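Q: Quick one, fold the following:
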Amino acid sequence: MAEVVLSEVGKDYSGSIRAVDRFSLHIADGEFVVLVGPSGCGKSTTLRMIAGLDEVSRGTISIGGRIVNDVHPKDRDIAMVFQNYALYPHMTVYRNMAFALRLRGEPKAEIDRKVREAAAILGIEGLLDRKPQHLSGGQRQRVAVGRAIVRQPKAFLFDEPLSNLDARLRVEMRAELKALHQRLRTTTVYVTHDQEEAMTLGERVVVMCAGVVQQVGEPLEVYRRPANRFVAGFLGMPPMNFIDVEVVRADGRLWVQRDGVFRWPMPADMAHVDRIEGRSLVLGLRPESLSMCDPPGSSTSLRLENLEVRVVEPLGDRVDLFLAAADGTRLVARVDAVEGFSPGRRVALGVDPARLHFFESGDFGNLLRG
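A: Residues are numbered from 1 along each chain as shown. Predicted coordinates for the structure are as follows:
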């Protein structure tokens, strides 16, 4: 095992296309870090630079204290698992897993021990004599992971390894990968576009957009206190609701309002924000921070009144309500499932004051409070 350190790493294509810009990250020995972001954000390019499959345009990458910018991929002592499994179709599972060890010239007895140990860890002992075409997608993925395990590398690199699996199998494999890491404690860098996968697997997540790191932190920290509006909208399903609001002074105090929709007292901890009065901000509300206000006369401190239900999505014990305010503002609320939700119904929602997020204007507006 080894730490992986990226310092001001950048990658340009054709001289002018900047895929990754000033990426810096210290991945501790034995840590599981997930790079997450939309397609084209630079996460896979970053992984390929760590692996040595793409050259670094700027900055340095070190693995185990050794700068590897000019080191051939096979000499970096890392193992990579790809989205498409990359198994040799003419070889059995046993031979696929043993292939890299044979290239190293390891003794047959040692190869056999490592392959069978890895197969036992992954529960594929009974598949060793089969060829890839006789395996399910989940079994092929286990073989690809097993081929990485037998090498006992300094680091594992995973490039969207679960994206070809069906939903149920993805959930099962997530749990298996997490248990595997807890057992082996090998430094792991994992790339995905699936924010749920990132939240459940990573000890830390790195949120990227347009080649730039937007935030690094523990999953719940990033979810609860996103650095900017992009991170807030990317992590969470359904995504965070965003409402353009104004800060006004009336009756000797500050209020946050959306004309025709609501006027709420400005939280006391926003008073420190420089020149807050008169500013246009973006209010962020997580769908799960909203709750039903019944009966209409209940005393919830912050309320959204007269919302029209447009779409109802049942989720078992919860339901997602797609709503519209009088001025056309759209919202999504995730609330307890009860009878009577139907398109056209008017509802009132309560808002948890402690879970209000305020951002500066713009798609990447910084968090002011959350």
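Q: How is this structure divided into domains?
A: Per automatic domain parsing, the structural domains of the chain span 4-234, 241-369.
Q: got the contact list for C209?
A: Residues near C209 by Cβ atoms under 8 Å, 6 or more residues apart in numbering: G37, P38, C41, F230, F234, F364. Quick note: C-beta positions are derived from backbone N, CA and C, even for glycine.
Q: let's see 6 Å
A: Contact analysis of C209 by Cβ atoms under 6 Å, 6 or more residues apart in numbering lists G37, C41, F230.
Q: Sitting in helices, which of those do you find?
A: F230 (DSSP state H).
Q: Let's see if you can find the most crowded of the contacts of C209.
A: G37 (27 neighbours; other Cβ atoms under 10 Å).
Q: Which strand or helix spans the closest residue to that residue other than its chain neighbours?
A: Spatial nearest neighbour of G37, chain neighbours left out: M208 (3.8 Å); criterion: Cβ to Cβ, 6 or more residues apart in numbering. Using DSSP states H and E, M208 maps to strand 204-209.
Q: Paired strands for that strand, with orientation please.
A: Sheet pairing here is set by DSSP bridges, and for strand 204-209 it gives strand 32-36 (parallel), strand 212-217 (antiparallel).
Q: Using PDB, list the CA coordinates for that strand.
A: This file holds the C-alpha atoms of strand 204-209, laid out as PDB (Å, rounded to 0.1, in the frame of the first residue of the first chain):
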ATOM      1  CA  ARG A 204     -13.700  11.100   0.900                       C
ATOM      2  CA  VAL A 205     -15.300  12.300  -2.300                       C
ATOM      3  CA  VAL A 206     -13.800  14.700  -4.800                       C
ATOM      4  CA  VAL A 207     -16.500  16.600  -6.700                       C
ATOM      5  CA  MET A 208     -15.300  17.800 -10.200                       C
ATOM      6  CA  CYS A 209     -16.700  20.000 -12.900                       C
END
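Q: sorry, back to before: for the residue nearest to G37, name its beta-bridge partners.
A: Beta-bridge partners of M208, as defined by DSSP bridges: V213.
Q: and it, what is it in contact with?
A: G37, C41, G42, K43.
Q: want to throw these into a markdown table with distance to V5?
A: Converted to a markdown table, the contacts of M208 look like this (distance: Cβ to Cβ, whole Å):
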| residue | distance to V5 |
| --- | --- |
| G37 | 21 |
| C41 | 21 |
| G42 | 18 |
| K43 | 18 |
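Q: Of these, just say which sits nearest to P89.
A: Within those, proximity to P89 (Cβ to Cβ) peaks at K43, which comes in at 28.7 Å.
Q: In space, what's closest to that closest one - neighbours in sequence excluded?
A: L35 (4.0 Å).
Q: ok, the nearest residue to L87 once chain neighbours are set aside - contacts?
A: Nearest residue to L87, sequence neighbours excluded (Cβ to Cβ, 6+ apart): P132, at 4.4 Å. Contacts for P132 (Cβ under 6 Å, 6+ apart) come out as L87, P89, R140.
Q: Pull out the buried members of the residues you listed.
A: Using 16 or more other Cβ atoms under 10 Å as the burial test, the contacts of P132 include L87, R140 as buried.
Q: mind listing which of the contacts of P132 are in helices?
A: R140.
Q: Given the longest strand belonging to the chain, what are its sheet partners and their directions?
A: The single longest strand within the chain, with elements called by DSSP state E, is strand 302-314. When pairs are called by DSSP bridges, strand 302-314 turns out to pair with strand 318-324 (antiparallel), strand 346-351 (antiparallel).
Q: would CSV of the ones you listed with mean pLDDT, mean neighbour count and distance to G126 be doable?
A: Shown next, in CSV, are the strands paired with strand 302-314 (pLDDT from 0 to 100; neighbours: other Cβ atoms under 10 Å; distance: least, Cβ to Cβ, whole Å):
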stretch, mean pLDDT, mean neighbour count, distance to G126
strand 318-324, 95, 18, 40
strand 346-351, 92, 18, 53
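Q: With that, I have no additional questions.
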